[in-house]
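[1] The sequence and its predicted three-dimensional model are supplied below.
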Amino acid sequence: MERRRFLRGIGGCLAAVSLAGCTGAFADGDRSSDYPGGTLVITNTGDGPMPVSIRTKLDEYDASLDTVVAGGETVVRREFVSARRGDIVSLEALLGETGERLSFQFLPEGSGDSPPEVAELTFENAVEASASWTATGGT
């Protein structure tokens, strides 16, 4: 029972952080990347390799990536997904072979005055609590 409550709490926090990342609430001021909008950046800050599976939630965008990210390495998939300006794209990530998928929303082509966004997933191990999604400005 306590474990369920704990996992629900983590799920709620991750949902809030995902939404905040999409809206730019945690944006790092002028922080931007040299990547075009819609790019996916995956960073493994741990020591060992980790299988990662990422896909879009809606078939309309139809993008997926299955890879193994070595410890201390970063994988970049330029222009992973494209969408119309103002469209929000939802991604799901699975770390390791099992577990819950981590959801994230971002604006690959930006919206209004907001620039196109790059989705960044950083993790240390397969425990969902060690993973974080962020959106940064792209080109």
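    On my side now, so go ahead.
[2] Distance from stretch 108-118 to the middle of the chain?
    15 Å (Cα atoms, centre = their mean, to the nearest Å).
[3] and that stretch, which residues are buried?
    108-110, 114, 116-118 (16 or more other Cβ atoms under 10 Å). C-beta coordinates here come from the backbone N, C-alpha and C atoms, glycine included.
[4] Equivalent analysis for stretch 58-67, please.
    For stretch 58-67, by 16+ other Cβ under 10 Å, it's 61, 63, 65.
[5] check contacts around the nearest residue to residue 123 once chain neighbours are set aside.
    Nearest residue to residue 123 in three dimensions, chain neighbours excluded: residue 131, at 3.9 Å (Cβ to Cβ, 6 or more residues apart in numbering). Listed by Cβ atoms under 8 Å, 6 or more residues apart in numbering, the contact set of residue 131 reads 93, 95, 102, 121-124.
[6] thinking again about what came up before, and of the buried residues of stretch 58-67, the nearest to residue 41?
    residue 65 (11.4 Å; Cβ to Cβ).
[7] and the closest one, helix, strand or coil?
    strand (DSSP: H, G, I helix; E, B strand; the rest coil).
[8] Need the distance between the two termini of stretch 46-58.
    30 Å (Cα to Cα, to the nearest Å).
[9] who's in contact with it?
    40, 42, 44, 62-72, 75, 81, 89-97, 103, 121, 123-126, 130.
[10] Please repeat the previous calculation with a cut-off of 7 Å.
    40, 42, 44, 62-71, 81, 89-97, 123-126 (Cβ atoms under 7 Å, 6 or more residues apart in numbering).
[11] how near is residue 92 to residue 102?
    Counting by Cβ to Cβ, to the nearest Å, the gap from residue 92 to residue 102 is 7 Å.
[12] Counting neighbours, go ahead and name the busier of these two.
    For residue 92 versus residue 102, the count of surrounding residues by other Cβ atoms under 10 Å is larger for residue 102: 22 against 15.
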